[in-house]
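Undergrad: Kindly return the folded structure for what I paste below:
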Amino acid sequence: MRTVTLIVIHCSANKAGSVLRAADIDRYHRSLGWKQGCGYHYVIPTDGKVEPGRPEKLAGAHCKGHNWHSIGVCYIGGLDADGKTPKDTRTEAQKAALRKLIEHLHQCYPKALIVGHHDLNPLKACPCLNVTAEYADLQPWLHL
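TA: Numbering: from 1, shown residues only. Predicted structure coming up:
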């Protein structure tokens, strides 16, 4: 059984309005030779539907050095229309779905910190939003 201490939020680093789905990420990750497919546990396309990726009981492949003790959540987007500039491109549906999913994961893993990928790897812009500030009300240190 894994001990989950982090909920890590990612973006897929695609242009705003991308139509990618969890199945597309799964295919891509398998093309890299990843036998377990999608490295994220959940993917949220622009329509806000939460799609399962890798089962939570398995370690993800989304944040080097932190996969064993984390849950990875990825929203589709994260780049401006130019395809280069990092930007929070979440649709309202994605924002609502991400909030609801994080609330659920927080109930399952109440001691887990909720962070953005860039909080663990400052060289990354991902997920192009300040996760710790946006979800401060769910952070475990506020409930000690």
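
Undergrad: Do a quick rundown of the strands in the protein.
TA: Along the chain, the stretches classed as strands by DSSP state E are 6-11, 14-15, 42-44, 51-52, 70-75, 78-79, 113-116.

Undergrad: For those, which has the smallest mean pLDDT value?
TA: Of all these, strand 14-15 carries the lowest average pLDDT, namely a mean of 93.

Undergrad: picking that back up, got the strands of the chain as JSON lines, with distance to residue 95 columns?
TA: Heads up, the C-betas are built off the backbone N, CA and C, glycines and all. Conversion of the strands of the chain to JSON lines gives the following (distance: least, Cβ to Cβ, whole Å):
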{"stretch": "strand 6-11", "distance to residue 95": "12"}
{"stretch": "strand 14-15", "distance to residue 95": "17"}
{"stretch": "strand 42-44", "distance to residue 95": "9"}
{"stretch": "strand 51-52", "distance to residue 95": "16"}
{"stretch": "strand 70-75", "distance to residue 95": "9"}
{"stretch": "strand 78-79", "distance to residue 95": "13"}
{"stretch": "strand 113-116", "distance to residue 95": "14"}
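
Undergrad: With residue 129 as the reference, name the closest of these.
TA: Nearest of the strands of the chain to residue 129, taken as Cβ to Cβ: strand 113-116 at 6.8 Å.

Undergrad: Return the list of strands paired to that closest one, each annotated with direction.
TA: strand 6-11 (parallel) (DSSP bridges).

Undergrad: And the contacts of the strand it pairs with?
TA: 40, 62-63, 66, 69-79, 89, 98, 102, 105-106, 109, 112-117, 120, 126-129, 131 (Cβ atoms under 8 Å, 6 or more residues apart in numbering).

Undergrad: How far off centre is it?
TA: Relative to its parent chain, strand 6-11 has a centroid offset of 4 Å by Cα atoms, centre = their mean, to the nearest Å.
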